[in-house]
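S.K.: Okay, structure incoming, though there's no sequence with it:
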């Protein structure tokens, strides 16, 4: 699609990523004006959004950059009126992977020009926070914390290593999970992990939280694992990385519009950002709440 663009990139990006920004910008400017701005704080982002003025907003960055931008627009009450394009950078890019957005900066920029704005679901929690791709609590959040110091050395392999480390030491959480008013997990049976998948991929493409998650259907795919014995934890981790964990007998799956989790203190991993601990959190699907530019031929994940 052709329109003036405001391109926002992370000021802290390294030299390799700066080269990718330049490559994307070259393609974008071949179709019209594209102003490049850098942001390194929420305050700077807010100032840039004040200047958007109806232009297409292109986020050049990873899952965290997209999450922060969508969250800011949601808080401003402007999310539904903005066209957003994505040029993925970094090692994560789970939403891009789930939606077949090219990881090559030139190809992604070309998609921004040639694609069309497509309604996307959003998870909104009871604190006003949002989830673009996926949120999970329990061992997955612990795995992300364990992986964080290894990410610079291992890249996408950091999460599988972190998952093994977290799986070895956890004994599960006593949680109640309620979906659309129906209880699907109770505290007396410990849970290893509770996941809400708006789109399939997590952990930089090394795992599929739910392989059939669809961010256009108005529902979130919910996964509850009760794989808490040592052998079951190992088996769950292996099958999570293979993407067939949802077929295990000790895993419950469903789809819903509203989900709540409560019980023992837990950490959350929302779009790759770990927060907590908290004793409760609930989410509601806001169907078609924002528009992401996708290929006109591929507006749904496989």
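M.R.: Great, that's in hand. Note that the structure is a prediction, hence the values are computed from the model and not measured.

S.K.: Tell me which helix or strand residue 95 sits in.
M.R.: If you go by DSSP states H and E, residue 95 is part of helix 94-98.

S.K.: The next helix or strand after that helix - contacts with which helices or strands?
M.R.: Where DSSP H and E defines the elements, the next helix or strand beyond helix 94-98 is helix 105-114. In terms of contacts (3 or more C-beta pairs under 8 Å, 6 or more residues apart in numbering; DSSP states H and E), helix 105-114 is packed against helix 15-29, strand 56-61, strand 83-88, strand 273-294. For glycine as for every other residue, the C-beta is placed from the backbone atoms N, C-alpha and C.

S.K.: After helix 105-114, which helix or strand is next?
M.R.: Following helix 105-114 in sequence, per DSSP H and E, is strand 116-125.

S.K.: Pull up the pairing partners for that next one, direction included.
M.R.: strand 130-131 (antiparallel), strand 273-294 (antiparallel) (DSSP bridges).

S.K.: got these as TSV, with distance to residue 115, mean pLDDT and mean neighbour count columns?
M.R.: Below are those laid out as TSV (distance: least, C-beta to C-beta, whole Å; pLDDT from 0 to 100; neighbours: other C-beta atoms under 10 Å):
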stretch	distance to residue 115	mean pLDDT	mean neighbour count
strand 130-131	22	98	26
strand 273-294	4	97	18
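
S.K.: Make a markdown table out of the ones you listed and add distance to residue 109.
M.R.: Putting the strands paired with strand 116-125 into a markdown table (distance: least, C-beta to C-beta, whole Å) gives the following:
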| stretch | distance to residue 109 |
| --- | --- |
| strand 130-131 | 25 |
| strand 273-294 | 11 |
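
S.K.: and of those strands, who's closest to residue 61?
M.R.: Nearest to residue 61, of all those, is strand 273-294, at 13.2 Å by C-beta to C-beta.

S.K.: which stretches of the stretch 201-302 of the chain have low pLDDT?
M.R.: 298-302 (pLDDT under 70).

S.K.: Please enumerate the strands of it.
M.R.: Residue ranges of the strands in the stretch 201-302 of the chain, as given by DSSP state E, counting those that start in this stretch, are 201-202, 207-208, 220-225, 251-256, 258-270, 273-294.

S.K.: contact partners of the third one?
M.R.: Yep, that's strand 220-225 we're talking about. The contact list for strand 220-225, computed with C-beta atoms under 8 Å, 6 or more residues apart in numbering, reads 121, 123, 136, 138-139, 177, 179, 184-185, 191-198, 209-210, 212-214, 236, 245-246, 248, 250-257, 259, 283, 285.

S.K.: how about 7 Å then?
M.R.: 123, 177, 179, 184-185, 191-198, 209-210, 212-213, 236, 246, 250-256, 259, 285 (C-beta atoms under 7 Å, 6 or more residues apart in numbering).

S.K.: roughly how far out does that strand sit from the chain middle?
M.R.: Centroid separation for strand 220-225 versus its chain: 15 Å, with C-alpha atoms, centre = their mean, to the nearest Å.
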